[in-house]
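>>> Mind looking at a prediction? Sequence and model below.
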There are 2 protein chains.
Amino acid sequence: MDLLKEDERLDYLLGENLKIIQSPKVFSFSLDAVLLSNFTSVSKSPKRKIVDLCSGNGVIPLFLSVKTSAQIIGVEIQERLCEMAIRSVQYNKLESQIQMMNFDLKEAVKRIGSEKYDVITCNPPYFQSFTENELNENEHFTIARHEIRCTLEDVVQVSSQLLKQGGKANFVHRPGRLIDLIMLMRKFRLEPKRLQFIYPKQGKEANMILIEGIKDGKADLKVLPPFVVYQDDNEYTEEMRKIVYG
Amino acid sequence: MDLLKEDERLDYLLGENLKIIQSPKVFSFSLDAVLLSNFTSVSKSPKRKIVDLCSGNGVIPLFLSVKTSAQIIGVEIQERLCEMAIRSVQYNKLESQIQMMNFDLKEAVKRIGSEKYDVITCNPPYFQSFTENELNENEHFTIARHEIRCTLEDVVQVSSQLLKQGGKANFVHRPGRLIDLIMLMRKFRLEPKRLQFIYPKQGKEANMILIEGIKDGKADLKVLPPFVVYQDDNEYTEEMRKIVYG
């Protein structure tokens, strides 16, 4: 099997530690996934089990593999993206740790079992509505970005079903949906415990939220220090450089 | 009537613009009230009507009087505190703008009417539980700090009842109760629209939240830039100095 197809390229992750197959025509991972991977706290133990929902080209499983020896399942509904992720996993020789699976997350319990997992990560589609144009232009992007094949409620419900009691769900989303996300997390027994806001620059409004919920956890939220991505000169901040380049 | 009683003293607010009667034995206002006053956006119009619940010694009405000509009602359940607030209002010659009233906020609708107000502010008691000791030590403090005479649910429900459609409720609380507060705001039709976190210092977890909800507003939260109170040398930051000293 050829490593790269058509318009694909091989990009670096974390300096030169990992490589990932991307295609600008289909999907490229975003900072959101990088920040979620960094935010997610995982035990190093190989006995732990992680599931990454809406896994795309597998960027979060690849990132997490640096932090833990836990088993990681990536679930992606789009066959093309999942297949790219499988090749990336092979290229990085991580087949024994990361398993990419191509199915609809609403079938996750049936496919991989309930209440068995320690950590869930998910960088879900952000947008509720979409226009006919968006749908026609590029289906791969539209499915990744809009709540077409799964809603936020599906994501939170399935995450809760997969998690053991005390297991942790980690989500990234936009501030505009934080209230909905919190309502759904409470509805599905994922008590918000850690919350962090990402600010594009000093003095700007937040444009991203990171949140961890613990299944059946006790109510007691911590709000982490603010995280700023860019300096005033549009270069990454020191804290961002550390995450991106390792 | 003497201006000051027993252990009371006259403190400055906003440089020398206002004075407020305080007593270390009964109640002194905190930064929380100052930050909530600053966070609250009010029209300058004298036709607007504001209610401050859990008003204590009236610090929030006094602060707001600098920003607006709106009519302000302060509601305080503790007679001693309310009476101190009345004297502060008189001292500052604000009787035509600020009316302090001594009653239980659960009677607010009966006392001052429903759906008539544009803005509500409230710096409620923060703590759900209390020990027998705390209750015995100083009843004034205990009532101000603990959910004894009113719960967070009472505060949110009454705020919603008082507000017109489109009116704004502004609360300050601790991060540990943010999720409860959001759940209650949605329950009582106060859609969270602006959220700001207060950090004691750079790099620390937030220790205070400020939130604005709009009655029957559309879901779309903005998360404001982080606000830091102290510099590393324990002096106020520039942004904090502006608020405290005007």
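Received, thanks.
>>> For the rest of this, base every contact and every neighbour count on C-alpha atoms.
Noted.
>>> Contacts for stretch A:31-38, please.
By Cα atoms under 8 Å, 6 or more residues apart in numbering or on different chains, the residues outside stretch A:31-38 that reach it are A:59-60, A:63-64, A:121, A:123, A:170-172, A:208, A:210, A:243-244.
>>> Pull out the buried residues from that stretch.
For stretch A:31-38, burial by neighbour count (16 or more other Cα atoms under 10 Å in any protein chain shown) applies to A:Asp32, A:Ala33, A:Val34, A:Leu35, A:Leu36, A:Ser37, A:Asn38.
>>> Among the contacts of stretch A:31-38, which one sits closest to chain B?
A:Met208 (9.2 Å; Cα to the nearest Cα).
>>> Near chain B, which residues of chain A are found?
A:175-179, A:182-183, A:192, A:199, A:202-207, A:219-226 (Cα under 8 Å from any Cα of the partner chain).
>>> pretty sure A:Ile20 is in a strand, no?
Yes: according to DSSP: H, G, I helix; E, B strand; the rest coil, A:Ile20 belongs to a strand.
>>> From chain B, how far out is it?
Counting by Cα to the nearest Cα, to the nearest Å, the gap from A:Ile20 to chain B is 32 Å.
>>> That residue and A:Glu79: what is the separation?
To A:Glu79, A:Ile20 is 17 Å away according to Cα to Cα, to the nearest Å.
>>> And those two? Which one has more around it.
It is A:Ile20, of A:Ile20 and A:Glu79, that has more neighbours when counted by other Cα atoms under 10 Å in any protein chain shown, with 22 against 14.
>>> Around A:Val240, how many other residues sit close by?
That one is not Val; residue A:240 is Met. Around A:Met240 there are 19 residues (other Cα under 10 Å).
>>> Secondary structure element holding it?
Per DSSP states H and E, A:Met240 falls inside helix A:238-245.
>>> From the rest of the structure, what touches that helix?
Outside helix A:238-245, the residues that touch it by Cα under 8 Å, 6+ apart are A:Leu13, A:Leu14, A:Gly15, A:Val34, A:Leu35, A:Asn38, A:Phe227, A:Val228, A:Val229, A:Tyr230.
>>> residues contacting the third one?
For A:Gly15, the contacting residues are A:Val244, A:Tyr245, A:Gly246, by Cα under 8 Å, 6+ apart.
>>> The last one reaches A:Leu14, doesn't it?
Yes: under the contact definition of Cα atoms under 8 Å, A:Gly246 touches A:Leu14, with a separation of 4.9 Å.
>>> Tell me which of the two has more neighbours.
Each of A:Gly246 and A:Leu14 has its neighbours counted (other Cα under 10 Å); A:Leu14 has more, 16 against 12.
>>> What sits closest to that one if chain neighbours are left out?
Nearest residue to A:Leu14 in three dimensions, chain neighbours excluded: A:Tyr245, at 4.3 Å (Cα to Cα, 6 or more residues apart in numbering or on different chains).
>>> and that neighbour, what pLDDT?
For A:Tyr245, the pLDDT comes out at 84.
>>> pull the longest helix from chain A.
What stands out as the longest helix in chain A, according to DSSP state H, is helix A:79-91.
>>> Report all helices and strands that it contacts.
Packing partners of helix A:79-91 (3 or more Cα pairs under 8 Å, 6 or more residues apart in numbering or on different chains; DSSP states H and E): strand A:18-22, strand A:98-101.
>>> Go ahead and measure how far stretch A:38-57 is from the middle of the chain.
Taking Cα atoms, centre = their mean, to the nearest Å, one finds stretch A:38-57 lying 9 Å from the centre of the chain it belongs to.
>>> Now the terminal residues of it, how far apart.
End-to-end span of stretch A:38-57 (Cα to Cα): 17 Å.
>>> Return the mean pLDDT over that stretch, rounded to an integer.
94.
>>> do stretch A:145-152 as well
On average, stretch A:145-152 scores 86.
>>> Would you mind measuring the gap between the ends of that stretch?
OK, stretch A:145-152 end separation, Cα to Cα: 12 Å.
>>> With stretch A:54-64 instead?
15 Å.
>>> Just want the phi and psi numbers for A:Gly169.
Heads up, residue A:169 is Ala, not Gly. The phi and psi values for A:Ala169, taken as degrees, to the nearest 10, are phi -100, psi 140.
>>> For it, which non-adjacent residue is spatially closest?
A:Ile120 (4.6 Å).
>>> you'd agree that neighbour is up against A:Ser159?
Yes: counting by Cα under 8 Å, A:Ile120 does reach A:Ser159; the two are 6.3 Å apart.
>>> So for the two, which residue has more residues nearby?
Taking other Cα under 10 Å, A:Ile120 and A:Ser159 do not tie; A:Ser159 has more neighbours (33 against 27).
>>> Can I take it that the more buried one is in a helix?
Yes: according to three-state DSSP, A:Ser159 belongs to a helix.
>>> surely it meets A:Asn123?
No: under the criterion of Cα under 8 Å, A:Ser159 is not in contact with A:Asn123, lying 11.9 Å apart.
>>> Okay, now the unreliable bits of chain A?
Scanning chain A for pLDDT under 70 picks out the ranges A:1, A:130, A:132, A:134-136.
>>> ok so, going back, pull out the buried positions in the longest helix of chain A.
By neighbour count with 16+ other Cα under 10 Å, helix A:79-91 contains the buried residues A:Leu81, A:Cys82, A:Glu83, A:Met84, A:Ala85, A:Ile86, A:Arg87, A:Ser88, A:Val89.
>>> Among the residues you listed, which one sits closest to chain B?
Using Cα to the nearest Cα, the buried residues of helix A:79-91 come closest to chain B at A:Leu81, 31.0 Å.
>>> mind listing what's buried in stretch A:123-140?
Buried residues in stretch A:123-140, counted by 16+ other Cα under 10 Å: A:Asn123, A:Pro124, A:Pro125, A:Tyr126, A:Phe127, A:His140.
>>> Beta-bridge partners for the fifth one, please?
Beta bridges link A:Phe127 to A:His146, judged by DSSP bridges.
>>> That one and A:Ala144 touch, don't they?
No: using Cα under 8 Å, A:Phe127 is not in contact with A:Ala144; the gap is 9.6 Å.
>>> The longest helix of chain A to strand A:18-22, inter-axis angle?
Angle, helix A:79-91 to strand A:18-22, by axes from the mean of the first three to the mean of the last three Cα atoms, to 10 degrees: 160 degrees.
>>> No further questions, thank you.
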